[in-house]
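K.L.:
next input, structure requested:
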Amino acid sequence: MLRDVMDYHGLRRDVRQVGFFETDQHRQLYLELKTAITQGQLVAVAGIVGCGKTTLLQRVQAELGREKHILVARSLAVDKDRVNLGTLITALFYDLATEKNVKIPPQPEKRERQLLDLLSKRRKPIALFIDEAHDRHRKTLSELKRLMELVRQQGNLLAVVLAGHPKLKNLLRQPVMEEIGARATI
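P.N.:
Just a heads-up that it's a prediction; the model follows:
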């Protein structure tokens, strides 16, 4: 079913989603999320099942893709229990590389250096979206923060957007996650 609706910029668009009714709160959340992404922040979107986290992230990704000011990357790995930093770096390579056949070095040091070179060549801020982030291990979240720092030291921006159940918010507030939780916008 197609519906003609107004988008965030006041332009008319056809929408195929049935059952999503955008409120002023949704629009405000979208604008805040987009601002945090343009600043290269670590953002956590947490909420109960069915509250619209994934729908919000899909809308943000689509809008960023249309605008082309920020490059969008996301992990498509289905086996969520095995998603670690290596998997997320692979996702960045696949989504950001300009050549068709991406060759990702297996050695961590070489892989990260090649990723930093790739990000520098792209010359745009990058947003990495991770859904079901409440299932990510603490170590992976810490490594993501470190990767964000390395990218920033190169003069680039990498925003990481985590989405998950309230468990994610609780995880980021734990004392062992203080270094990350204090830097995250929740």
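K.L.:
partner residues bridging the residue nearest the centre of the chain?
P.N.:
Centroid-nearest residue in the chain: residue 129, 2.1 Å away (criterion: CA atoms, centre = their mean). Note on residue 129: beta-bridge partners by DSSP bridges are residue 74, residue 161.
K.L.:
against residue 168, how distant is it?
P.N.:
Residue 129 is 14 Å from residue 168, where distance means CB to CB, to the nearest Å. Every C-beta, even on glycine, is put in place using the N, C-alpha and C of the backbone.
K.L.:
if we can go back for a sec, which residues sit in contact with the residue nearest to the centre of the chain?
P.N.:
Residues near residue 129 by CB atoms under 8 Å, 6 or more residues apart in numbering: 57, 60-61, 72-75, 161, 163.
K.L.:
and those, which two are furthest apart?
P.N.:
Put simply, by CB to CB the two of the contacts of residue 129 set farthest apart are 60 and 75, 15.7 Å from each other.
K.L.:
count the neighbours of residue 89 for me.
P.N.:
22 (other CB atoms under 10 Å).
K.L.:
that one sits in which helix or strand?
P.N.:
helix 85-96 (DSSP states H and E).
K.L.:
for that helix, the distance to its chain's centre please.
P.N.:
With CA atoms, centre = their mean, to the nearest Å as the basis, helix 85-96 stands 12 Å off its chain's centre.
K.L.:
tell me the mean pLDDT for it?
P.N.:
If you average the pLDDT over helix 85-96, you get 87.
K.L.:
stretch 105-115 too?
P.N.:
On average, stretch 105-115 scores 88.
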